[in-house]
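S.K.: any chance you can model this:
(2 chains, ligands or ions: 1)
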Amino acid sequence: MSETSRVTWEGCSVLLDINDGDRLVFARLSPAAKLKIGNKNCSLQPLIGSPFGTVFQVDGTVLSPAQGNVNSADEIKDGQVNVESRDNRALVDNNTAQSLTGEDIEAMRKQGAKGNEIIEALIANSATFDKKTAFSQEKYRLKKQKKYAPKVLMRRPVARSICEAYFKKYPSKIGFLRVDTLSLLLSMANVSSNSDILVVDMVGGLITGAVAERLGGTGFVCNSYLGKAPYSMDIVRIFNLSDEICKRILRSPISDLLSQKETAEQILQHDDVCNVESQSNDQMCASTSIEEISHLSENGISDPGAKNTEPVTKACKAPKAGEKAQQEVIDLWKKNGFSSLIIAAPELDTWTLVRDLMPLLANSAPFAIYHQYLQPLANCMHNLQLEKMAIGLQISEPWLREYQVLPSRTHPCMQMSAFGGYILSGTKICSSS
Amino acid sequence: MLACDPAKRLSFNQTISNGDLVIVYEKHDSMKAVTASEGSILQNRYGVFKHSDWIGKPFGSKVFSSKGGFVYLLAPTPELWTLVLSHRTQILYIADISFVIMHLEIVPGCLVLESGTGSGSLTTSLARAVAPKGHVYTFDFHEQRAGSARDDFERTGLSSLVSVGVRDIQGEGFPDEFTGTADSVFLDLPQPWLAIPSAAKMLKQDGTFCSFSPCVEQVQRSCEALRTYFTDIRTFEVLLRTYEVREGKMESLHEESNGSNGSLPSKRRQCSDGNYMFSSTISTVMAKPSGEARGHTGYLTFARLKCL
Ligand SMILES: C[S@@+](CC[C@H](N)C(=O)[O-])C[C@H]1O[C@@H](n2cnc3c(N)ncnc32)[C@H](O)[C@@H]1O
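M.R.: Alright, predicted model coming up:
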């Protein structure tokens, strides 16, 4: 029962992909957890103990593993099949094509008809279905399936799927950090087991979680912050990190990492902060045991599904990550230096932050700094060069394009993200003094 | 190269010892892997460097040649290694490598199968991702290449994480002993579709697959083969654009206004209409995309084994 388990368990976090990404929901599984799909409240109980990657279909209010081949948007996407005898010249678009009324369907439902049966009935009663091209027949079927037999794909919540889900539905929460950019930050900072990685994570904890996942319960990720209030790490709890891994996520104010010697007064202060922190941690745990990312409708209100989802407080056992770093650990970091540094702090001045943190890095340690804007990174790079603090400096901008690959219909996808942010990377060198 | 060996872990007190692998940095586009050894020298356009001067110095040090030239000595990382390894084949670079590891969801403890090994550029990063307890089994049918790769993993200290096998993966598939044990399979082969049935057989439930191919025809055939066993089939292209940064000093003209810009150096100039204009120098840090970049490496096709 850990981040590498292939089967879910009670208390496990999952990513539910409803109807091919129309809705993406993070949920924590428990016998009492319910999720509203369409207008039905479905129990998540049947998901417990199922393998990740299972597709469930909703019938009435029951989620059960989908039988046989489930239609997938993969297979039909946009574009026309070239070899096709029918075309759509005879197709008239009006609302008289369907002879089955809403009441008819409701009546079928009451008699216990399954979603798939309703779809078949709709097809049988459609005057135009036979005239459609094979491609539009499939499209019709998929549309009806989404409505009458919604499909739920259960995914593992890992750095990749979490980043993709947020980028798609809530990009501002993760500072518009695209998954390829995140992947580059992790390699450029040489994140590997047994290293101590310093991060400044103002992107909701995504970087902290992704680094912890790569450390696999070795080394440390030090989530550092300016001032007294730590930055939100909500996203870390969506990962299925084992206790072993959670223990490796520590928090520390930057001032503590920089201070030469601790005064008794300072130590007292820390204890206060520490208490406040653990309280707020517990609260967060209770209120967000099920977290949802959904469409934002035009008026900016998220899918009502979220409100109808009952948070299950009892079953919530998200392990606690982000304890305050003890003085002994901080001393060890100061003595050895961090193995690398990752910054994603859009609200802090890049150069002064880097200038202050650089002495905490071991010599020859790599670093990677993310920003949505080019100028702060350009300034930082220029100053690092002037001060001779680092070499191998480079600003890169990743570019990612997805393709549709189908027989005779291969082309780049019609929509793409045009921007995934900038990264400044380099290697710290010994100061020449 | 990796910190899983605590003795090799980067720290303020970590110094270069006899026998250590060092990345000698001349410029960002000119680096070299050197094994430090007491009696040896390094000779390049900056002069002659004695290894004995390096030993005992921390990684990240600047060292000087007999004639005053200098280089930096860096601790090896998979990223640096990809830039210095000897190219026995085409290799994967950082953008593709990072995306592959992220998308395959490789984490410590995973068992990964790879073919072909080629120059081991990807393998080095795979090893980092599965460390300390996972393992990468990589196969190439070219015996000499497999041997050189093995030597390289020895040199970079990865041999406990990587095993290199000689095998025709397109012809024979992966060895049966791995059936149902792999978390991920990666292919960089000329006809990947031939190895796809075997890849499917090796994977655990919900296991992840990736194939890298330079040509779109290869992608087309692979995707067709994948549909039998896999779902979530997605093809991507990922590239990097780099930027040049420099400080520009530019002249700025303004009409006389008494002492408004304090210390900036000003020059007086007479304009054609006889009025005086003042000019001062302003400096700005500017960035622009580099003029040349890699335009294509290959297509990455990912898939997930269907759940039965
Ligand atoms: C482009 S290289 C791989 C480069 C590698 N990904 C890297 O980053 O260094 C392709 C390799 O596949 C090997 N190869 C080609 N056909 C093969 C086969 N049927 N079985 C095993 N290896 C094969 C070649 O010998 C070559 O070394």
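S.K.: which SS state does A:G49 fall under?
M.R.: Three-state call for A:G49 (DSSP: H, G, I helix; E, B strand; the rest coil): coil.
S.K.: so B:L305 sits against B:F230, correct?
M.R.: Yes: assessed by Cβ atoms under 8 Å, B:L305 is found in contact with B:F230 at 6.0 Å. For the C-beta atoms, the positions are set from N, CA and C on the backbone; glycine is no exception.
S.K.: give me the common contacts of the two.
M.R.: Common neighbours of B:L305 and B:F230 are listed as B:A200, B:F209 (criterion: Cβ atoms under 8 Å, 6 or more residues apart in numbering or on different chains).
S.K.: which residues touch the closest residue to the ligand within chain A?
M.R.: Scanning chain A for the residue nearest the ligand gives A:S187, at 13.7 Å (criterion: Cβ to the nearest ligand atom). Residues in contact with A:S187 (Cβ under 8 Å, 6+ apart) are B:P78, B:E79, B:I94, B:I97, B:S98, B:I101, B:S125.
S.K.: host element of it?
M.R.: A:S187 is part of helix A:179-188 when elements are defined by DSSP states H and E.
S.K.: rounded mean pLDDT for that helix, please.
M.R.: On average, the pLDDT along helix A:179-188 is 98.
S.K.: my guess is B:T208 contacts B:I101, does it?
M.R.: No: counting by Cβ under 8 Å, B:T208 sits too far from B:I101 to count as a contact (10.6 Å).
S.K.: what about the longest strand in chain A?
M.R.: Using DSSP state E to define each element, chain A has its longest strand at strand A:390-404.
S.K.: what are the buried residues along that one?
M.R.: By neighbour count with 16 or more other Cβ atoms under 10 Å in any protein chain shown, strand A:390-404 contains the buried residues A:390-400, A:403-404.
S.K.: and which of these is nearest A:D201?
M.R.: Nearest to A:D201 among the buried residues of strand A:390-404, counting by Cβ to Cβ, is A:P398 at 19.1 Å.
S.K.: what about the nearest residue to that closest one once chain neighbours are set aside, how many residues nearby?
M.R.: Spatially, and ignoring its direct neighbours in sequence, A:P398 is nearest to A:D180 (4.7 Å; Cβ to Cβ, 6 or more residues apart in numbering or on different chains). Number of residues near A:D180 (other Cβ atoms under 10 Å in any protein chain shown) recorded here: 25.
S.K.: for the one 5 residues further on, same thing?
M.R.: A count of neighbours around A:L185, defined by other Cβ under 10 Å, yields 26.
S.K.: grab the nearest non-local neighbour of A:R248.
M.R.: A:F220 (5.3 Å).
S.K.: that neighbour bridge partners, please.
M.R.: Legend: beta-bridge partners of A:F220 under DSSP bridges are A:D196.
S.K.: from chain B, how far out is it?
M.R.: For A:F220, the distance to chain B equals 12 Å [Cβ to the nearest Cβ, to the nearest Å].
S.K.: what's the burial count for that residue?
M.R.: A:F220: 23 neighbours (other Cβ under 10 Å).
S.K.: which ones are touching it?
M.R.: Residues in contact with A:F220 (Cβ under 8 Å, 6+ apart) are A:D196, A:I197, A:R248, A:I249, A:L250, A:V329, A:W333.
S.K.: so which of these are in strands?
M.R.: Secondary structure from DSSP E places A:D196, A:I197, A:I249, A:L250 of the contacts of A:F220 in strands.
S.K.: which two among these are spaced furthest apart?
M.R.: Farthest-apart pair in the ones in strands among the contacts of A:F220 is A:D196 and A:I249; separation 11.9 Å (Cβ to Cβ).
S.K.: common neighbours of these two, please.
M.R.: What both A:D196 and A:I249 touch, as defined by Cβ under 8 Å, 6+ apart, is the set A:F220, A:V221.
S.K.: residue ranges with poor pLDDT in chain B?
M.R.: B:5-7, B:255-274 (pLDDT under 70).
S.K.: the domain parsing of it - what is it?
M.R.: Residue ranges for the domains of chain B, per automatic domain parsing: B:3-76, B:80-239+B:295-305.
S.K.: please identify the most buried of the ones you listed.
M.R.: domain B:80-239+B:295-305 (a mean of 20; mean count of other Cβ atoms under 10 Å in any protein chain shown).
S.K.: return the distance of the residue in the stretch 101-250 of chain A that chain B sits nearest to relative to B:S40.
M.R.: Nearest to chain B in the stretch 101-250 of chain A, going by Cβ to the nearest Cβ, is A:G216, at a distance of 2.8 Å. Noted for A:G216: a distance of 37 Å to B:S40, by Cβ to Cβ, to the nearest Å.
S.K.: now swap in A:M381 and tell me
M.R.: To B:S40, A:M381 is 35 Å away according to Cβ to Cβ.
S.K.: show me what the helix or strand where A:I245 lies is packed up against.
M.R.: Assigned by DSSP H and E, A:I245 belongs to helix A:243-246. With contacts taken as 3 or more Cβ pairs under 8 Å, 6 or more residues apart in numbering or on different chains; DSSP states H and E, helix A:243-246 sits against helix A:206-215.
S.K.: what sits up against the helix it packs on?
M.R.: A:3, A:158-159, A:162-163, A:166, A:174, A:177, A:182, A:185-186, A:191-195, A:197, A:199, A:201, A:221, A:223, A:233, A:235-236, A:238-239, A:241, A:245-246, A:248-249, A:321-322, A:342, A:344, B:107-108, B:129.
S.K.: hey, C-alpha coordinates of that helix in CSV?
M.R.: Provided in CSV are the C-alpha atoms of helix A:206-215 (Å, rounded to 0.1, in the frame of the first residue of the first chain):
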residue,chain,number,x,y,z
LEU,A,206,3.6,20.3,-6.7
ILE,A,207,7.4,20.6,-6.8
THR,A,208,7.8,19.4,-3.2
GLY,A,209,5.6,16.4,-3.9
ALA,A,210,7.4,15.6,-7.2
VAL,A,211,10.8,15.8,-5.6
ALA,A,212,9.7,13.6,-2.7
GLU,A,213,8.4,11.0,-5.2
ARG,A,214,11.8,10.9,-6.8
LEU,A,215,13.7,10.7,-3.5
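S.K.: average pLDDT for that helix?
M.R.: Averaged over helix A:206-215, pLDDT sits at 97.
S.K.: between it and helix A:179-188, how many degrees?
M.R.: On the basis of axes from the mean of the first three to the mean of the last three Cα atoms, to 10 degrees, helix A:206-215 is oriented at 50 degrees to helix A:179-188.
S.K.: part of a helix, is B:L42?
M.R.: No: the assignment for B:L42, made by three-state DSSP, is strand rather than a helix.
S.K.: format the ones in strands among the contacts of A:F220 as JSON lines; extra columns: distance to A:T352.
M.R.: Output for the ones in strands among the contacts of A:F220, formatted as JSON lines (distance: Cβ to Cβ, whole Å):
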{"residue": "A:D196", "distance to A:T352": "23"}
{"residue": "A:I197", "distance to A:T352": "21"}
{"residue": "A:I249", "distance to A:T352": "26"}
{"residue": "A:L250", "distance to A:T352": "24"}
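S.K.: want to throw those residues into TSV with pLDDT and neighbour count?
M.R.: Output for those, formatted as TSV (pLDDT from 0 to 100; neighbours: other Cβ atoms under 10 Å in any protein chain shown):
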residue	pLDDT	neighbour count
A:D196	96	27
A:I197	97	27
A:I249	97	26
A:L250	96	21
